[in-house]
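Asks: build the 3D model from these lines:
(3 chains)
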Amino acid sequence: MTDLPVARVLVDSPLPQLDQLFDYRIPERLAHAALRGVRVRVPLRSGGRIAQGWIVELAERSEYRGELSEVDDVVSEVPALMPEVWRLARAAADRAAGNASDILRIAIPPRYVRAEKAWRSAESDPGPLPETPAPIDGYAPGRVQQGIAAGERMSLAADARPVRLDSGAWVGGWARTVAQAAAHALAHDRSTVVAVPDYRDQEQLESALAESVDPRRVVRTDARQTGPARYRAFLDATADAARVVIGNRSTVYAPAARLGLIVVVDDGDGLHSEPLAPGVHSRDAALIRQEQSEAALLFVAHSRSVEVQRLVELGWVHDVPLRRGGRPRVVLTEQQAAPESGGARIPSAAWREAQAAVAEGPVLVQVARPGHTPMLVCDRCREPARCSTCSGALVVPRAGGAAACVLCGTAATAWRCGVCDGTKLRAAVVGATRTAEELGRAFPRSRVVVSDGDRPLLRVRAEPQLVVATRGAEPIADGGYRAVLLLDGERMLLRESLRVAEDCLRWWSNAAALAAPGSPVFLVGVGGALGTALATWRQAAWAAEELETRRTLRFPPAVRMASVVSAHDRLAAALERTGAIDGVDVLGPTPIEEGLERAIVRFGYGAGAEVAQRLKGEAIRAATERRRPVAGRRPGRPPVVRVRMDDPDLP
DNA sequence: AGCACGCCGACT
DNA sequence: GTCGGCGTGCTC
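Replies: As a prediction, the model looks like this:
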C-alpha cells in the first residue's frame, strides 16, 4: 500500500526520446499494488495507446507542469525491478548511449503467470547457509577471503588443472575456486552473482557448488531453461535470502539480496559481449555494479584480457597470482609434419607422444573452427595486411572490389607491408575444416570423438580416445587429457580481427588447462612472443605488451570507440558536434550500405560520459527533429542515428 | 512508433 | 465556406 500518489515510470520503448521517467497519478483502486519496482500499463499520449513500463519510484508530487494521466493497471504485484538493478541499468545505458529499458529487457525475464502463482504460494525455505567457509586454496592464505570482505576488485589467475570433486565429478580448477569464493560470501549471508561464458562452464560450476552450498541456495538462470523455469529462478533471486546466482552474461544484472560478490569467468570470451542493444559487455556491467554496491569483484581466467590488464595497471583491479596449482607443460613444435600423420599434418615429436598418450587415456586435438573470412595478407611474408594510415585490417569489402581499411575506409592503393616491406597483397581463405577422418587415419587404432560448435560435448571419460574439438568446444576429461595437441594455431591467427592473438592465447590456455598435470601440450607452428607466453604461462605479461601496442595504435582498450551510423548529412552534422569534444577523433566515415555511412568515434575514458551523452542526444535529435528537411519524400529509411559503443568486433 | 494538431487545395 | 491532405511535433 502506498500513500504516495505519483508513480515515476520508465516506459518500455526502444525510442531514445522516451528514455526518461514519466509521472502518472496512481488511482485509488491501484494504491495497494502500485509499489516501486512493479510492472504497470500506462497510457502514452492522451487517451491513445497503452504502453508497459516499470514504476521506478514513488513521489508525493510531480514536477511535470501539466495534467498527469493515471496508471492504467498493475501487471504484476511482484516488484521485479529492484532499486539496485534500476540504478545499474540506468548507469549501464548511460555509459553505452543506450536506453535503460533495453537493459531491463535483458535483466528481467518475461513474466509467466502460472510460474508466478506457484512461486507466491510455495513455502520458501532457502536452506541453511554454509557453516564454516571453505578456505579458498591455491592463493596466498586468506588473500581472496580478505578481498571479498573488503569489497576489492581482483583478477585471479585460475588454477590450470582439472580437479576431482567429492562427488567424483571432474571440473576445471577455476570452478572450485569460484564455488569456494561464493560459499565464503554466502557464509556471511551475502549473495554472489557469477557470469560464465556458456552452459558447459555453468555445469561445472554447479557441480562444484554442490560441494559446499545447499542446492536451494543456488539459482541458475540460463538460456536452455524454459520460459517459466527462467522466470521462477529469477523470482527466487529476488527473495531476501542470500543466494548464489549463476548464469550467462545477463546474470550480472540478476537481483540478489545483500550482494557480496560479483564474478566474471573468462571475461575475454566473446560470449560475454551482449549482442542486443545497447551492447554492454558483462565485464563493464560488473564493474559498474561493483562500484554502486559494496560487493567485491572477481575476474577469473587462465589468460588475462587486455581490458582487465589495463585496470590492473591502473591499480583499479588487483592482481592475485596463483601460488600453488597447475601450470601445463607446453611444448612448442615446428609445423614440419610427420609423414606418418598423413593429412592431419602433425609434427613427428607431437605425433609420437600423442600415439603413446592415447594408449593410456584421452588425447585432445584442438582445431580451428570452420568459417570464411575474406582477408588480406602480405604476399611475401603472409602477415595480415594493415592500413598504413590507421593500422586497421585491410579487407576486400565486396567480391571484385578494391582493398580498403575496415576502420577508416582508406583505399589500399599504395600499400606497403609493415613487416617485410612487400607491396603485394594476397587473399587468404581461412577456415577449411580439418576433419576427424584425417586424424582417424593418423591414429588408426583409436576411437575418435568430435566436439564442435553444433554438437559440443561437456565431458569425456578417462578412456583411451582421441577427442577432436573446435576451439572453445573442448570437453573436460575425467582425470585430464594425457596429451593436448593445439593443431591449427597458425590458421587461427589468420583472422581479420584486432584481437586474434589475444583470442588465440585464450583458446590455447583454456585447452591446455584441460591437460592432466605433467601431460604435454603441443602448440604446433606458432613461435614468437605468443608461443612463449603460452609456454611460460605468462599471459598477464603478454597482455601488458599487447596493451602497450594498443596504446601506440590508439586502439581499444587503450582508448574507447563508438561506431555511429546514419545518412550522410546527418552523420556529418553529428560528427561535427561530437568531434569537437576534447580528446575525441573521428575515423571515416565510410559507406556501408545504400544511403548509410559509418564513422568511428575514438575517445579517452575521461571523455566517455560526455561522448555518450552527446551521441544519445544526436539519436534523439534524429528521431524527433523534422523528418525530411527538403521537399520530395524519400520512402523507407527512417532518419536515425545508430550508436554502438565499445563494440568488440569493431576493428 | 503512433497519433493529434495544423495550415493549404477541390468540394457539397 | 470546410473537408482532409500529410508535414510536424509530442508522448507525464
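Asks: the residue in the stretch 151-300 of chain A that DNA strand B sits nearest to - nearest residue in space that isn't next to it in sequence?
Replies: Nearest residue of the stretch 151-300 of chain A to DNA strand B: residue A:277, at 13.8 Å (Cβ to the nearest atom of the strand). (Glycine included, C-beta is placed from N, CA and C.) Distances taken as Cβ to Cβ, 6 or more residues apart in numbering place residue A:102 nearest to residue A:277, at 5.0 Å, with adjacent residues excluded.
Asks: please give me every residue in contact with the residue in the stretch 451-600 of chain A that DNA strand B sits nearest to.
Replies: Per Cβ to the nearest atom of the strand, residue A:566 is where the stretch 451-600 of chain A lies closest to DNA strand B, at 13.6 Å. Listed by Cβ atoms under 8 Å, 6 or more residues apart in numbering, the contact set of residue A:566 reads A:574, A:596-597, A:622, A:639-642.
Asks: how far away is the residue nearest to residue A:277 from residue A:241?
Replies: 30 Å (Cβ to Cβ, to the nearest Å).
Asks: can you check residue A:309 too?
Replies: Residue A:309 is 37 Å from residue A:241, by Cβ to Cβ.
Asks: min pLDDT across the contacts of residue A:566, which one?
Replies: By pLDDT, residue A:639 ranks lowest within those, coming in at 68.
Asks: coming back round to it: residue A:102 and residue A:241: which is more packed in?
Replies: Higher neighbour count among residue A:102 and residue A:241: residue A:102, with 23 against 19, using other Cβ atoms under 10 Å.
Asks: for that one, report the pLDDT, please.
Replies: Listed pLDDT for residue A:102 reads 96.
Asks: that one belongs to a helix, doesn't it?
Replies: Yes. The assignment for residue A:102 (DSSP: H, G, I helix; E, B strand; the rest coil) places it in a helix.
Asks: wait, what's in contact with it?
Replies: Counting by Cβ under 8 Å, 6+ apart, residue A:102 has contacts A:14, A:93, A:276-278.
Asks: most neighbours among those residues, which one?
Replies: residue A:278 (24 neighbours).
Asks: that residue reaches residue A:94, doesn't it?
Replies: No. Between residue A:278 and residue A:94 there is no contact under Cβ atoms under 8 Å: 9.7 Å.
Asks: low-confidence stretches in chain A?
Replies: Counting by pLDDT under 70, the low-confidence segments of chain A come to A:46-48, A:325, A:342-344, A:370-375, A:397-400, A:428-435, A:496, A:626-639, A:651.
Asks: spatially central residue in it, please.
Replies: residue A:272 (1.2 Å; Cα atoms, centre = their mean).
Asks: and that residue, backbone torsions?
Replies: phi -80, psi -10 (degrees, to the nearest 10).
Asks: count of residues packed around the closest residue to it other than its chain neighbours?
Replies: Nearest residue to residue A:272 in three dimensions, chain neighbours excluded: residue A:282, at 4.4 Å (Cβ to Cβ, 6+ apart). Look at residue A:282: counted by other Cβ under 10 Å, it has 26 neighbours.
Asks: surely residue A:282 is in contact with residue A:267?
Replies: Yes. Counting by Cβ under 8 Å, residue A:282 does reach residue A:267; the two are 7.3 Å apart.
Asks: dump the residue contacts of the nearest residue to residue A:81 once chain neighbours are set aside.
Replies: Leaving aside its chain neighbours, residue A:81 sits nearest to residue A:37 (4.2 Å; criterion: Cβ to Cβ, 6+ apart). Taking Cβ under 8 Å, 6+ apart, we find residue A:37 in contact with A:54-56, A:79-83, A:86.
Asks: any idea how far residue A:37 is from DNA strand B?
Replies: Distance, residue A:37 to DNA strand B, using Cβ to the nearest atom of the strand, to the nearest Å: 25 Å.
Asks: and if you look at residue A:377?
Replies: Distance, residue A:377 to DNA strand B, using Cβ to the nearest atom of the strand: 42 Å.
Asks: wouldn't that residue be in contact with residue A:424 here?
Replies: No. In this structure residue A:377 lies outside contact range of residue A:424 using Cβ under 8 Å: 10.1 Å.
Asks: and those two? Which one has more around it.
Replies: residue A:377 (20 against 10).
Asks: element containing the more buried one?
Replies: Element membership for residue A:377, per DSSP states H and E: strand A:375-378.
Asks: what does that strand contact?
Replies: The contact list for strand A:375-378, computed with Cβ under 8 Å, 6+ apart, reads A:383-385, A:393-396, A:403, A:412, A:417, A:419-420, A:422, A:424-428, A:430, A:494-496.
Asks: what comes up buried for stretch A:278-293?
Replies: Buried residues in stretch A:278-293, counted by 16 or more other Cβ atoms under 10 Å: A:278-290, A:293.
Asks: ditto for stretch A:143-156
Replies: In stretch A:143-156, counting by 16+ other Cβ under 10 Å, buried: A:143-145, A:147-148, A:152-156.
Asks: can I get those in TSV with distance to DNA strand C?
Replies: Shown next, in TSV, are the buried residues of stretch A:143-156 (distance: Cβ to the nearest atom of the strand, whole Å):
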residue	distance to DNA strand C
A:143	50
A:144	47
A:145	48
A:147	44
A:148	42
A:152	41
A:153	38
A:154	43
A:155	44
A:156	46
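Asks: just the ones of these in helices?
Replies: A:143-145, A:147-148 (DSSP state H).
Asks: list the contacts of the residue nearest to the centre of chain A.
Replies: A:195, A:197, A:249, A:264, A:266, A:281-283.
Asks: where's it relative to residue A:301, distance?
Replies: From residue A:272 to residue A:301 the distance is 11 Å (Cβ to Cβ).
Asks: next one: residue A:264
Replies: 9 Å.
Asks: also residue A:338?
Replies: 34 Å.
Asks: between the two, which has more neighbouring residues?
Replies: residue A:301 (23 against 16).
Asks: that one and residue A:307 touch, don't they?
Replies: No. At 11.2 Å, residue A:301 and residue A:307 do not qualify as touching, with contact defined as Cβ under 8 Å.
Asks: what do the two both touch?
Replies: Contacts common to residue A:301 and residue A:307, judged by Cβ under 8 Å, 6+ apart, are A:267-268.
Asks: C-alpha coordinates for the strand or helix carrying residue A:284, CSV please?
Replies: For residue A:284, the host element (DSSP H and E) is helix A:282-292. Taking C-alpha atoms only, helix A:282-292 is exported to CSV below (Å, rounded to 0.1, in the frame of the first residue of the first chain):
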residue,chain,number,x,y,z
SER,A,282,29.2,-8.1,-18.9
ARG,A,283,32.7,-7.0,-17.7
ASP,A,284,31.6,-3.4,-17.9
ALA,A,285,28.2,-4.0,-16.3
ALA,A,286,30.0,-5.9,-13.5
LEU,A,287,32.4,-3.0,-13.0
ILE,A,288,29.6,-0.6,-12.7
ARG,A,289,27.6,-2.8,-10.3
GLN,A,290,30.7,-3.3,-8.1
GLU,A,291,31.1,0.5,-7.8
GLN,A,292,27.5,1.0,-7.0
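Asks: greatest separation within the buried residues of stretch A:278-293: which pair is it?
Replies: Greatest spatial distance among the buried residues of stretch A:278-293 (Cβ to Cβ): A:279 and A:293, at 22.8 Å.
Asks: picking up where we left off before, and the residue of the stretch 151-300 of chain A closest to DNA strand B, how close does it get to residue A:106?
Replies: 9 Å.
Asks: am I right that residue A:521 falls within a strand?
Replies: Yes. Remark: residue A:521 belongs to a strand, assigned using three-state DSSP.
Asks: was I right about it contacting residue A:484?
Replies: Yes. With contact defined as Cβ under 8 Å, residue A:521 reaches residue A:484; the gap is 4.3 Å.
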